[in-house]
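Enquirer: Take this sequence and fold it.
(2 chains)
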Protein chains: 2
Amino acid sequence: MERNLLLTIEYDGTDFSGWQRQPGRPTVQGTLESALSAVCGKEIRIDGTSRTDAGVHAYRQRATLKGEFGIPTERLALAVNHRLAGGMRGKMAAGPIRVTDVCEKPMNFHARFDAKGKTYIYKIRNSENMDVFQRNYCYQIPRPLDLPAMKLAAEQITGTHDFQCFQASGGTERETTVRTIYKLELRQAGSDIQIWVTGDGFLYNMVRIITGTLVEVGMGKIPPTAVASIIESEDRQNAGHTAPPQGLYLGEIYYELQEVPGYDE
Amino acid sequence: MERNLLLTIEYDGTDFSGWQRQPGRPTVQGTLESALSAVCGKEIRIDGTSRTDAGVHAYRQRATLKGEFGIPTERLALAVNHRLAGGMRGKMAAGPIRVTDVCEKPMNFHARFDAKGKTYIYKIRNSENMDVFQRNYCYQIPRPLDLPAMKLAAEQITGTHDFQCFQASGGTERETTVRTIYKLELRQAGSDIQIWVTGDGFLYNMVRIITGTLVEVGMGKIPPTAVASIIESEDRQNAGHTAPPQGLYLGEIYYELQEVPGYDE
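Expert: Below is the predicted model:
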């Protein structure tokens, strides 16, 4: 009998050319499909929710997997993780990709089309002291950032807007560039600043451009009160730079609107 | 005029075949020498204190560098780090190797021969929950470890002993296998256990075999009181397994005995 499985996936994006399968390149989707195919004994294809870029990480990416499988749901993650760990390096306990959950869904459920919202986390290390162990996991900014100014700017981004100014060229063509940001929080702990952004969907490089814009506000290059007019301008040139990929983490995908942080608040 | 410079070096050993230069393989020494040679405009060779293995990290490795250099001491680290960061990946702020300090020493000073002691740190993650972001930076042990038993075992390792039982084959031939462990501490924070071990010198794989032995004590496979007799047996077969490289960090090198933790205590 055919089944439709929803996978939850954690990965370190450092050594991958992004999520999406590409011939001759190490990708998260490609690596995961190979492991699933080996475990299931047949060619497996999955549908991911978010096409993360090269170097971008995920705590809870999702993907659906349709087909007839002999293997019980609860055994699938174990078998795939074992394979993903063993193939990579000698004595590692985990590979760079790990399936953290598998659950069965109705046949008409789709990981991407049924998503009601997503949370991304962007990690900034605001310190002069470099750290080689953090280099692939955050955006290092030596100059002190003005957090209250960044928070003021973040308030103007929250809500429903045409976010064309925060869209990079080169992504999938979209019908509309209107999106809703339900919640945009800045959290600070010591020299770490995290940007938690939840929305109904995101344009190409949107979180990284929002981050670059907030960083430029924090540096005093963009006045915090100017962000509303940057959005109104619908012009990418007016927004800040695109923050580098290694600070970005896909945090969560929501399939129920009432679970989306900031929805209805 | 010829100078003798002492470098302090931090590195993420994940992508290197260890410290020591080897033809055709990425090593820390080789990569650092290339960067130094490019910056100084001539072939540079350095002498490191510790030949860390593939996958092993360092917070404060040391190396000496002799020669005549036009570049001022205080500019050298900056120029080399810039080179090490830029060559690796697009927008990274740091490369996997970073020179954190450069100071001038008398001509007869040698990074290795003048070392009076070293501290290594071994990081264990004692949790069932795997974490892809930690896989190259610790030793994951899902089964709960008995920390008091491990501490009892650690006490028997401290002091001056013939540590042949903790030596792997394949290292440099040594005149004697007698070493002094000045201090061996176990520190716990949540699911993280760190082993801090300071000694006058270490045999090949010694810290990793001490760790493997302590882990087996923590698992109940080796009685904590048996460790003294394992040392007395001078037989590698009686000690525990060699813990994997990715949990090991070279923590500090001391050039003055009175700076060595545990010396004279």
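Enquirer: what about A:T211, which helix or strand?
Expert: Here A:T211 is covered by helix A:206-218, with elements defined by DSSP states H and E.
Enquirer: Send me that helix as PDB with only the CA atoms.
Expert: Extracted as PDB, the C-alpha positions of helix A:206-218 are listed here (Å, rounded to 0.1, in the frame of the first residue of the first chain):
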ATOM      1  CA  MET A 206      15.000  37.500   1.900                       C
ATOM      2  CA  VAL A 207      16.200  36.600   5.400                       C
ATOM      3  CA  ARG A 208      19.800  37.200   4.400                       C
ATOM      4  CA  ILE A 209      18.900  40.600   2.900                       C
ATOM      5  CA  ILE A 210      16.700  41.500   6.000                       C
ATOM      6  CA  THR A 211      19.700  40.600   8.100                       C
ATOM      7  CA  GLY A 212      22.100  42.700   6.000                       C
ATOM      8  CA  THR A 213      19.700  45.600   6.300                       C
ATOM      9  CA  LEU A 214      19.400  45.200  10.100                       C
ATOM     10  CA  VAL A 215      23.200  44.900  10.400                       C
ATOM     11  CA  GLU A 216      23.600  48.200   8.400                       C
ATOM     12  CA  VAL A 217      21.100  49.800  10.700                       C
ATOM     13  CA  GLY A 218      23.100  48.500  13.700                       C
END
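Enquirer: ok, and what's touching that helix?
Expert: A:120, A:122, A:124, A:139, A:141, A:145-147, A:149-150, A:152-154, A:157, A:163, A:165-168, A:179, A:184, A:186, A:195, A:197, A:222-224, A:227, A:230, A:236, A:239-245, A:247-248 (C-beta atoms under 8 Å, 6 or more residues apart in numbering or on different chains). Where you see a C-beta, it was placed from the backbone N, CA and C, and this is true even at glycine.
Enquirer: Please enumerate the helices of chain A.
Expert: A:28-40, A:73-86, A:147-157, A:206-218, A:227-233 (DSSP state H).
Enquirer: most packed of the ones you listed?
Expert: Sort the helices of chain A by mean neighbour count, taking mean count of other C-beta atoms under 10 Å in any protein chain shown, and helix A:206-218 sits at the top with a mean of 25.
Enquirer: relative orientation of it and helix A:147-157 in degrees?
Expert: Helix A:206-218 and helix A:147-157 are oriented at 140 degrees to each other (axes from the mean of the first three to the mean of the last three C-alpha atoms, to 10 degrees).
Enquirer: Pull the distance from helix A:206-218 to the chain's centre.
Expert: 16 Å (C-alpha atoms, centre = their mean, to the nearest Å).
Enquirer: Also stretch A:209-220?
Expert: 19 Å.
Enquirer: Kindly report the same for stretch A:68-82.
Expert: Using C-alpha atoms, centre = their mean, the distance from the centre of stretch A:68-82 to the centre of the chain it belongs to is 25 Å.
Enquirer: List the contacts of that stretch.
Expert: A:1-3, A:5, A:7, A:32, A:35-36, A:39-41, A:94-95, A:98-104, B:130.
Enquirer: Pull out the buried residues from these.
Expert: Neighbour counting over the contacts of stretch A:68-82 (16 or more other C-beta atoms under 10 Å in any protein chain shown) leaves A:5, A:7, A:32, A:35-36, A:39-40, A:94-95, A:98-100, A:102, B:130 as the buried ones.
Enquirer: pLDDT and distance to B:I210 for those residues - can I get that in a markdown table?
Expert: Shown next, in a markdown table, are those (pLDDT from 0 to 100; distance: C-beta to C-beta, whole Å):
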| residue | pLDDT | distance to B:I210 |
| --- | --- | --- |
| A:L5 | 95 | 44 |
| A:L7 | 97 | 40 |
| A:L32 | 97 | 37 |
| A:A35 | 95 | 35 |
| A:L36 | 95 | 40 |
| A:V39 | 92 | 37 |
| A:C40 | 91 | 42 |
| A:A94 | 74 | 24 |
| A:G95 | 88 | 27 |
| A:R98 | 95 | 30 |
| A:V99 | 95 | 35 |
| A:T100 | 94 | 33 |
| A:V102 | 95 | 39 |
| B:M130 | 84 | 25 |
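Enquirer: Write out the residues of chain A neighbouring chain B.
Expert: Contacts of chain A with chain B, taken as C-beta under 8 Å from any C-beta of the partner chain, map to A:10-12, A:55, A:57, A:81, A:89-98, A:130-137, A:139-140, A:142, A:244-246.
Enquirer: Counting neighbours, which of those end up buried?
Expert: Buried members of the residues of chain A next to chain B, scored by 16+ other C-beta under 10 Å, are A:10-12, A:55, A:57, A:81, A:89, A:92-98, A:130-137, A:139-140, A:244-246.
Enquirer: Out of those residues, which sit inside strands?
Expert: A:E10, A:Y11, A:H57, A:I97, A:R98, A:Y139, A:Q140 (DSSP state E).
Enquirer: quick one: which of the residues you listed is nearest chain B?
Expert: Closest approach to chain B among those (C-beta to the nearest C-beta): A:Q140, at 3.7 Å.
Enquirer: pretty sure the closest one contacts B:R98?
Expert: No: counting by C-beta atoms under 8 Å, A:Q140 stays clear of B:R98, with 11.5 Å between them.
Enquirer: if I look at these two, which residues touch both of them?
Expert: Common neighbours of A:Q140 and B:R98 (criterion: C-beta under 8 Å, 6+ apart): A:M130.
Enquirer: So if we follow the domain assignment, how does chain A break up?
Expert: A:3-105, A:117-259 (automatic domain parsing).
Enquirer: follow-up on the earlier one: can you lay out the ones in strands among the buried ones among the residues of chain A next to chain B as a markdown table showing distance to A:E216?
Expert: Shown next, in a markdown table, are these (distance: C-beta to C-beta, whole Å):
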| residue | distance to A:E216 |
| --- | --- |
| A:E10 | 31 |
| A:Y11 | 29 |
| A:H57 | 23 |
| A:I97 | 34 |
| A:R98 | 35 |
| A:Y139 | 13 |
| A:Q140 | 16 |
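Enquirer: Of all pairs in those, which one is the farthest apart?
Expert: Taking C-beta to C-beta, the two most distant members of these are A:R98 and A:Q140; they sit 26.2 Å apart.
Enquirer: how about the nearest residue to the residue nearest the centre of chain A, chain neighbours excluded?
Expert: Geometric centre of chain A, nearest residue: A:L250, 2.5 Å, by C-alpha atoms, centre = their mean. In space, and not counting its chain neighbours, A:L250 is closest to A:A58: 4.0 Å by C-beta to C-beta, 6 or more residues apart in numbering or on different chains.
Enquirer: Ok, A:R83 next?
Expert: Distances taken as C-beta to C-beta, 6+ apart put A:A35 closest to A:R83, at 4.5 Å, once the chain neighbours are dropped.
Enquirer: Over to A:N136?
Expert: A:T14 (4.4 Å).
Enquirer: Quick one: end-to-end distance for stretch A:21-32.
Expert: 10 Å (C-alpha to C-alpha, to the nearest Å).
Enquirer: what about that stretch, distance to the chain center?
Expert: With C-alpha atoms, centre = their mean as the basis, stretch A:21-32 stands 17 Å off its chain's centre.
Enquirer: And the contacts of that stretch?
Expert: A:9, A:11, A:13, A:15-20, A:33, A:46, A:48, A:52, A:58, A:61, A:63, A:80, A:84, A:97, A:99.
Enquirer: Pull out the buried residues from those residues.
Expert: Buried subset of the contacts of stretch A:21-32 (neighbour count, 16+ other C-beta under 10 Å): A:9, A:11, A:13, A:15-19, A:33, A:46, A:48, A:52, A:58, A:61, A:63, A:80, A:84, A:97, A:99.
Enquirer: Give me the phi and psi for A:S127.
Expert: Note on A:S127: its backbone torsions stand at phi -160, psi 150 [degrees, to the nearest 10].
Enquirer: tell me the pLDDT at it?
Expert: On pLDDT, A:S127 comes in at 93.
Enquirer: Same question for A:M88.
Expert: For A:M88, pLDDT reads 44.
Enquirer: now swap in the one 4 residues further on and tell me
Expert: In this prediction, A:M92 carries a pLDDT score of 44.
Enquirer: again with A:V178
Expert: 96.
Enquirer: For it, which non-adjacent residue is closest in space?
Expert: In space, and not counting its chain neighbours, A:V178 is closest to A:D162: 5.1 Å by C-beta to C-beta, 6+ apart.
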